[in-house]
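A.B. asks: Here is a sequence together with a model predicted from it:
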Amino acid sequence: MYATGLHEVGSSAVEHYSMLEIRDLFMLLCAAFNQPRYRVDKQLNVLPDVE
């Protein structure tokens with residue numbers, strides 16, 4: 001929602017961002033808010049994303 005919300009309805013940008021995987025959307029949001037990327041394990045422990 002945040003990634004697509006700044007573009008005009010029906011634009012190619014909305015379609016592009018709507019088709020991204022959740023991991024890619026999360027990466028964009030982390031960058032937009034100047035936050036480090038992270039991931040969680042099955043016990044929901046927060047771990048650094050070392051990709």
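C.D. replies: Everything's here; your move. This structure is a prediction, so every number in the text was calculated from the model and none was measured. Residues are numbered from 1 along each chain as shown.

A.B. asks: What's the mean pLDDT across the helix or strand residue 16 falls within?
C.D. replies: According to DSSP states H and E, residue 16 maps onto helix 12-18. Throughout helix 12-18, pLDDT has a mean value of 72.

A.B. asks: Can I get it in CSV? Just the C-alpha atoms.
C.D. replies: In CSV, the C-alpha atoms belonging to helix 12-18 read as follows (Å, rounded to 0.1, in the frame of the first residue of the first chain):
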residue,chain,number,x,y,z
SER,A,12,2.5,1.5,-14.7
ALA,A,13,4.2,2.2,-11.4
VAL,A,14,1.2,1.0,-9.5
GLU,A,15,1.1,-2.2,-11.5
HIS,A,16,4.8,-2.7,-11.1
TYR,A,17,4.8,-2.3,-7.3
SER,A,18,1.7,-4.4,-6.9
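
A.B. asks: From the chain's centroid, how far away is the one helix or strand residue 30 maps to?
C.D. replies: In this assignment (DSSP H and E), residue 30 forms part of helix 22-32. Helix 22-32 sits 2 Å away from the centroid of its parent chain (Cα atoms, centre = their mean, to the nearest Å).

A.B. asks: So for that helix, what gets flagged as buried?
C.D. replies: Buried residues in helix 22-32, defined by neighbour count with 16 or more other Cβ atoms under 10 Å: 25, 26. In this view, the C-beta of every residue, glycine as well, is placed from N, C-alpha and C.

A.B. asks: mind listing what the helix or strand following it pairs with, with the direction of each?
C.D. replies: Later in the chain than helix 22-32, the nearest helix or strand by DSSP H and E is strand 38-40. Sheet partners assigned to strand 38-40 using DSSP bridges are listed as strand 46-48 (antiparallel).

A.B. asks: Tell me which residues of the strand it pairs with come out buried.
C.D. replies: Going by 16+ other Cβ under 10 Å, strand 46-48 has no buried residues at all.

A.B. asks: I'd like the mean pLDDT over it, please.
C.D. replies: Per-residue scores along strand 46-48 average to 90.

A.B. asks: Show me what that strand is in contact with.
C.D. replies: 36, 37, 38, 39, 40, 41 (Cβ atoms under 8 Å, 6 or more residues apart in numbering).

A.B. asks: Okay then, goodbye and thanks.
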